[in-house]
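1. Got a predicted structure plus its sequence, pasted below:
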There are 2 protein chains.
Amino acid sequence: MSRKLSTLDPQRLDNQICFAVYSAAHAFNRVYKPLLDRLGLTYPQYLVMLVLWERDDVPVKDIGEKLFLDSGTLTPLLKRLEAAHLVKRTRSSEDERQVLIALTPQGHALKEKARSVPQSILAASNCTVSELVAMKDEIVALRDRLNAVIGE
Amino acid sequence: MSRKLSTLDPQRLDNQICFAVYSAAHAFNRVYKPLLDRLGLTYPQYLVMLVLWERDDVPVKDIGEKLFLDSGTLTPLLKRLEAAHLVKRTRSSEDERQVLIALTPQGHALKEKARSVPQSILAASNCTVSELVAMKDEIVALRDRLNAVIGE
DNA sequence: GCATATTCAATTGCGAACAATTAAATGTGA
DNA sequence: TCACATTTAATTGTTCGCAATTGAATATGC
């Protein structure tokens, strides 16, 4: 009775779904870490590389919009990627405010090595592909609604 | 065709579901932040307080197990809560290795003020309660399977 | 009882994450 | 043209998150 109440209590549900997402994000990070260690990347760095492998020579802002991150996070991260010789940062000649991020040959080459990174998660999840696709779409929809609330 | 392939490509799905969770966690954090600011808490601090409001006088390790956090994260966080006069940290007399965390009167009092925190998420989500419960359960199940993989 | 292993918290160092501010470049209106 | 707003990165300061190490207390095996 009190158990049923606590599960359906909307007050707690907010907390519960938020914590579920929060703790799942950490769990993903822990699974990815040993795989990414071999590439010398952290997970946020890996996300940036995924963006760049799709399209190169983009301003910092474009990366930030795709990953929902701001320059306070990206600037030092990109400097670390530059220090690792994976990207080059150059100011745009058309708009001097922009810094364009381009992959180095090593940055491009890393794409092949990264192929094997996402593999064990699906196996470990014990879900069908369609279940995971549905789940992903639900989470994305929730995220987008939350972000819409923030934008007002 | 290529669109369908990319959606069903298990390689990308791994990345996509992980990023969905990662970005949703940030979105939640941004929604909670202005509400928690009024309490003078960050989201991880709020999680610790939620644990303590359920049960008091627990060792650091118990908190860590519930929130999937270690002492490297919790020790400084708890010191900040102590500096804010919300908790008291005392070494257990039974086992001197343990530090017990107890709420101060102000820590207890904050529970009432925190009642209004989880509220807008459900409204903003545009989902039914049962949909959100199902979603939460799926995410928790996935998280637990991921954590099981880490434990080997 | 004593050496060894385990447990627990604290510490250190590094990398996010973000708010708030700064500074420079660009765009706009009068 | 010139004042003003906007855009874009960079900077600064605070807080997480975790790996790795340390150190102390407790438990275990012999």
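-> The structure has been received and is ready for your questions.

2. in what helix or strand does the spatially most central residue of chain A lie?
-> Closest residue to the average C-alpha location of chain A: A:Leu47 at 4.7 Å, with CA atoms, centre = their mean. When elements are assigned from DSSP states H and E, A:Leu47 belongs to helix A:43-54.

3. CA-only coordinates of that helix in PDB, if you can.
-> Backbone C-alpha positions of helix A:43-54 (Å, rounded to 0.1, in the frame of the first residue of the first chain) are rendered in PDB as follows:
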ATOM      1  CA  TYR A  43      33.900  10.000 -23.200                       C
ATOM      2  CA  PRO A  44      33.200  13.700 -23.900                       C
ATOM      3  CA  GLN A  45      36.400  13.800 -26.100                       C
ATOM      4  CA  TYR A  46      35.000  10.700 -27.900                       C
ATOM      5  CA  LEU A  47      31.700  12.500 -28.500                       C
ATOM      6  CA  VAL A  48      33.600  15.400 -30.100                       C
ATOM      7  CA  MET A  49      35.600  13.100 -32.300                       C
ATOM      8  CA  LEU A  50      32.300  11.400 -33.400                       C
ATOM      9  CA  VAL A  51      31.000  14.800 -34.500                       C
ATOM     10  CA  LEU A  52      34.200  15.600 -36.300                       C
ATOM     11  CA  TRP A  53      34.400  12.200 -38.000                       C
ATOM     12  CA  GLU A  54      31.000  13.100 -39.500                       C
END
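
4. how about that helix: buried residues?
-> When burial is assessed from 16 or more other CB atoms under 10 Å in any protein chain shown, helix A:43-54 yields the following buried residues: A:Tyr43, A:Gln45, A:Tyr46, A:Leu47, A:Val48, A:Met49, A:Leu50, A:Val51, A:Leu52. Using the backbone N, CA and C atoms, a C-beta is placed for each residue, glycine as well.

5. Look up how far B:Leu81 lies from the first one.
-> In this view, A:Tyr43 and B:Leu81 are 28 Å apart by CB to CB, to the nearest Å.

6. rewinding a little: who does the following helix or strand past the helix holding A:Leu47 pair up with?
-> Heading C-terminal from helix A:43-54, the first helix or strand you meet, by DSSP H and E, is strand A:58-59. Strand pairing for strand A:58-59, determined by DSSP bridges: strand A:99-103 (antiparallel).

7. circling back: not counting sequence-adjacent ones, nearest residue to the residue nearest to the centre of chain A?
-> In this structure, A:Leu47 finds its nearest non-sequential neighbour in A:Leu67, 5.5 Å apart by CB to CB, 6 or more residues apart in numbering or on different chains.

8. so who does the one you found touch?
-> Going by CB atoms under 8 Å, 6 or more residues apart in numbering or on different chains, A:Leu67 touches A:Pro44, A:Leu47, A:Val48, A:Val51, B:Ser23.

9. how close does the third one get to A:Phe28?
-> What that stands for is A:Val48. Here the criterion is CB to CB. By it, A:Val48 lies 17 Å from A:Phe28.

10. Also the fourth one?
-> The spacing between A:Val51 and A:Phe28, counted by CB to CB, is 18 Å.

11. For the contacts of A:Leu67, give me a markdown table that also has pLDDT and distance to A:Val60.
-> What follows is the contacts of A:Leu67, written out as a markdown table (pLDDT from 0 to 100; distance: CB to CB, whole Å):
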| residue | pLDDT | distance to A:Val60 |
| --- | --- | --- |
| A:Pro44 | 97 | 14 |
| A:Leu47 | 96 | 14 |
| A:Val48 | 97 | 10 |
| A:Val51 | 96 | 11 |
| B:Ser23 | 96 | 18 |
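
12. Sounds good, over and out.
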